[in-house]
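Chemist: Kindly generate the corresponding structure for this input.
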Amino acid sequence: MIDPQGQASKWIKNMDTEDSVASKGRERKRDLVVVKPSERSWAIRFQHCIPLGLPLLLEGVGEELDPILEPLLERQTVRRAAGLSLEFGDTILDYSNEFSFYMTKS
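Modeler: Presented below is the predicted three-dimensional model:
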């Protein structure tokens, strides 16, 4: 989303941190992880969130995206014995269907 005033980021932060995600008939809170491309460890945060199904917001993206995001954006998942997997950089990650990914551009 193009978000010059920060309204989309604020809406995503409010939406995905509410106690509104059902898990096996009971409500649970999903903590939104907010990452900026300027952070040195942004890829590690993705590697943490994808298998755990945590929502992730990438704020302040530029005109071009890092190629490491391509398999994620295209949902290039592979079915394996243990479930779905996704290649993220040099790492093969378990992919949780509960994972949500948002991007905003200032």
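Chemist: Leaving aside the residues adjacent along the chain, what's closest to Ile2?
Modeler: Nearest non-adjacent residue to Ile2, counting by C-beta to C-beta, 6 or more residues apart in numbering: Lys105, 5.0 Å away. From N, CA and C alone the C-beta is placed, and that goes for glycine too.
Chemist: Let me see the contact set for the one you found.
Modeler: Contacts for Lys105 were tallied using C-beta atoms under 8 Å, 6 or more residues apart in numbering; they are 1-3, 60-62.
Chemist: let's see it at 7 Å
Modeler: 2-3, 61 (C-beta atoms under 7 Å, 6 or more residues apart in numbering).
Chemist: Could you measure from Phe88 over to Ile12?
Modeler: Using C-beta to C-beta, to the nearest Å, Phe88 is found at 21 Å from Ile12.
Chemist: ok so, going back, let me know the closest of the contacts of Lys105 to Asn97.
Modeler: Closest approach to Asn97 among these (C-beta to C-beta): Val61, at 23.8 Å.
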